[in-house]
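Visitor: Give me a 3D structure for the following:
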Amino acid sequence: MKKNMNNDDSEIFYITDPDVSTQLIGDQETVLYQPDTGTEKFLNSTGRFIWERLDGSLSVKDLTVRVCEGFASAPSDQVSKDVTSFLDDLSQQEFISDQKDRVPTSVHKTDYPDMNDAPKSLDISLTGKCNLHCEYCFYAEEMKSRPDLPLEQWQIFFKELGGLSVRDVCLSGGEIFVRPDLWDLIDSVIANRMQYSILTNGTLIAEDTLKYFEKGKRRKRLTSIQVSIDGSCPEVHDKSRGKGSFERAIRALRLLKEAGFPITSRVTVNRYNVDDLDNIAALLIDDIGLGSFGTNDAMPMGAGCSNQSSITLLPDQQVKAMNSLARLAEQYDGRINASAGPPGKVEELPGDGTCKGNR
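Guide: Coordinates of the predicted model:
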């Protein structure tokens with residue numbers, strides 16, 4: 001817990017957390033981002049002036065003098081109070097830390113990236129390889145024979161993202177847990193001041209897997225793990241994903257849930273599970289206790305092209321899925337969502353619950 005500063009703290013010295021990223025917004029504003037907490041803070045020109053001088057070499061008295069020299073618009077006692085309050089706020093939100101000894105360094109001049117120079121987040125496929133053979137996989141077989149980008153190249157890329165103050169990445173595959181260097185990749189994301197999330201089929205997650213998350217900031221920087229579930233039972237789920245995949249995926253969800261990980265799930269709606277959506281919702285929300293889950297639908301891409309006649313929803317099944325998921329979303333207070341798939345195609349659902357059109 002950070003302590004509150006008071007008048008006796010005038011000879012305490014303050015230093016910025018090196019994990020905090022800084023971006024410019026136009027000519028006047030600066031935004032800080034603390035990846036350990038996911039907190040951002042906006043600074044005006046005076047705040048940025050102080051921020052750039054928090055290198056451990058200046059006390060509150062020193063900073064007050066600098067502000068008075070640079071922004072001589074208020075009495076020094078008022079400036080001192082404002083500077084103290086500002087530092088207290090930064091400390092409470094873990095953007096800075098305090099120390100008793102002065103660090104003999106100079107003002108750090110940094111060329112901060114503009115917020116418009118890079119996205120806040122990126123989706124990254126670390127591998128095209130997978131331990132399953134889902135009938136609608138958009139990669140099909142074409143990526144499995146190609147070599148994955150090596151760790152060293154990913155580390156260079158993550159360093160570039162960190163230099164642009166990208167805030168978080170979503171890591172997926174293929175199946176990312178097939179990479180033996182996955183934890184080194186995650187550590188590189190963390191070292192470059194980013195949070196991360198994971199998309200997985202869940203079948204390679206076991207008790208020992210959870211132990212690896214406890215090293216360093218791997219658990220702290222993880223925002224979510226999404227496990228794909230395509231049925232309420234093996235007879236449905238395994239039809240599209242392969243024999244034995246349901247039991248292993250559900251085991252992973254239960255392990256992660258019990259250990260307190262931030263988990264969610266995604267259901268790919270297809271011909272095998274379109275009549276099982278109520279049971280899937282009951283399993284994921286009522287039984288396992290997920291806060292929410294998302295959906296999409298099997299598309300004629302990759303393996304979905306060759307399996308289109310058996311996996312892709314027919315028009316009447318699309319309508320059925322739209323109505324079922326709209327009803328379930330209402331039943332579960334909006335805890336079922338989608339940016340694609342049947343729910344994203346509903347234009348209007350009148351009181352009788354029938355679908356009138358797409359958008």
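Visitor: Straight-line length of stretch 269-289, end to end?
Guide: 21 Å (CA to CA, to the nearest Å).
Visitor: next one: that stretch to chain centre, how far?
Guide: 25 Å (CA atoms, centre = their mean, to the nearest Å).
Visitor: do the same with stretch 192-200
Guide: 6 Å.
Visitor: again, but for stretch 67-77
Guide: 41 Å.
Visitor: Can you tell me how far residue 323 is from residue 310?
Guide: Distance of residue 323 to residue 310, computed by CB to CB, to the nearest Å: 23 Å. C-beta here means a position set from N, CA and C on the backbone, and glycine is covered the same way.
Visitor: who has more neighbours, those two?
Guide: residue 323 (17 against 14; other CB atoms under 10 Å).
Visitor: So that one: helix, strand or coil?
Guide: helix (DSSP: H, G, I helix; E, B strand; the rest coil).
Visitor: Also residue 286?
Guide: Applying three-state DSSP: residue 286 is helix.
Visitor: Can you report how many residues neighbour it?
Guide: Residue 286 - counted by other CB under 10 Å - has 10 other residues nearby.
Visitor: Repeat that for residue 223.
Guide: So residue 223, with other CB under 10 Å, has 14 neighbours.
Visitor: my hunch is that it is in a strand, does that hold up?
Guide: Yes - checked against three-state DSSP, residue 223 lies within a strand.
Visitor: And the pLDDT at it?
Guide: Looking at residue 223, its pLDDT is 98.
Visitor: how close does it sit to residue 27?
Guide: 32 Å.
Visitor: cool, and residue 277?
Guide: 51 Å.
Visitor: of the two, who's got more company?
Guide: Comparing residue 277 with residue 27 by neighbour count (other CB under 10 Å), the higher total belongs to residue 277, at 22 against 6.
Visitor: Could you give me the buried positions within stretch 42-59?
Guide: Neighbour-count burial for stretch 42-59 flags 43, 46-59 (criterion: 16 or more other CB atoms under 10 Å).
Visitor: Grab the CA positions of the lowest-mean-pLDDT helix or strand in the chain and hand them over as PDB.
Guide: Lowest by mean pLDDT, DSSP states H and E among the helices and strands of the chain is helix 303-306, with a mean of 78. What follows is helix 303-306, C-alpha atoms only, in PDB (Å, rounded to 0.1, in the frame of the first residue of the first chain):
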ATOM      1  CA  ALA A 303     -11.100 -26.100 -43.500                       C
ATOM      2  CA  GLY A 304     -14.500 -24.500 -43.400                       C
ATOM      3  CA  CYS A 305     -14.500 -24.500 -47.200                       C
ATOM      4  CA  SER A 306     -14.000 -28.200 -47.700                       C
END
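Visitor: Just give me how far that helix sits from the chain centre.
Guide: Distance, centroid of helix 303-306 to centroid of chain: 30 Å (CA atoms, centre = their mean).
Visitor: where does residue 56 land in three-state SS?
Guide: Per three-state DSSP, the local secondary structure of residue 56 is strand.
Visitor: Quick check: the gap between the closest residue in space to it that isn't next to it in sequence and residue 307.
Guide: Excluding the flanking residues, the one nearest residue 56 by CB to CB, 6 or more residues apart in numbering is residue 103, at 3.2 Å. Distance, residue 103 to residue 307, by CB to CB: 62 Å.
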